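*Asks:* Quick check, what structure comes out for this input:
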Amino acid sequence: MSEYDLDTDPTRLDRAAIYGFLSTEAYWARWRTRAHVDAQIDGAWRVVGAYERATGAQVGFARAISDGVSLAYLADVFVLPSARGRGLGKALVRTMVEEGPGAHFRWLLHTADAHSLYAGFGFAAPDATALERPHAARPEPA
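*Replies:* Next up, the predicted model:
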């Protein structure tokens, strides 16, 4: 991890790199346009970027939306394939949910493939009080 830095400064984000990953690699986000991704970053309560110390290149990302008081939703967590296996995914989640202003919030997220990563931070299947309204069908990108 010593070759990487984590930063919560939204002005440091490489939006082109974020969009590049989300639109081509992320099963959950391929349908989003660049305008969608920019709007989501602009509206985020908090962001965390992971950067190669030597080059400054962005290699990971996470964002959250929140009411700023008690509840937050973790979204778009990723690490580029070239930087995986070094603990960056855990570091991004730790920085977002255990450090900083949301450390005592109730956190929510959706994932199809990273249950073990999030379980390490206390995420579990929702209790009987949780309900979800699934989204309507998404239009195909133009």
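*Asks:* next one: phi and psi at the residue lying farthest from the centre of the chain?
*Replies:* The C-alpha centroid of the chain is most remote from Ala128, which lies 25.7 Å away (Cα atoms, centre = their mean). Ala128 adopts backbone torsions of phi -70, psi -10, taken as degrees, to the nearest 10.
*Asks:* Do a quick rundown of the strands in the chain.
*Replies:* Taking DSSP state E, the strands of the chain run over residues 4-7, 46-52, 58-66, 71-79, 106-108.
*Asks:* His36 is nearest to which of those strands?
*Replies:* Set against His36 and scored by Cβ to Cβ, the strands of the chain come closest in strand 71-79, at 11.2 Å. C-beta: built from backbone N, CA, C; applies to glycine.
*Asks:* so how far is Arg133 from the closest residue in space to Ala72 that isn't next to it in sequence?
*Replies:* In space, and not counting its chain neighbours, Ala72 is closest to Ser66: 3.8 Å by Cβ to Cβ, 6 or more residues apart in numbering. Noted for Ser66: a distance of 19 Å to Arg133, by Cβ to Cβ, to the nearest Å.
*Asks:* Name the residue in the two with the higher neighbour count.
*Replies:* More neighbours surround Ser66 than the other of Ser66 and Arg133, with 17 against 5 (other Cβ atoms under 10 Å).
*Asks:* pLDDT weak spots in this protein?
*Replies:* 1, 138-142 (pLDDT under 70).
*Asks:* in terms of contact, does the residue nearest to Ala72 touch Leu74 like I think?
*Replies:* No. The criterion here is Cβ atoms under 8 Å, and Ser66 misses it with Leu74 at 9.6 Å.
*Asks:* Which positions within stretch 15-22 qualify as buried?
*Replies:* By 16 or more other Cβ atoms under 10 Å, the buried positions in stretch 15-22 come out as 17-19, 21-22.
*Asks:* coming back round to it: so who does the residue nearest to Ala72 touch?
*Replies:* 45-46, 72-73, 102, 105 (Cβ atoms under 8 Å, 6 or more residues apart in numbering).
*Asks:* Show me the helices in the protein, by range?
*Replies:* With DSSP state H, the ranges of helices along the chain come out as 15-24, 34-42, 88-97, 115-119.
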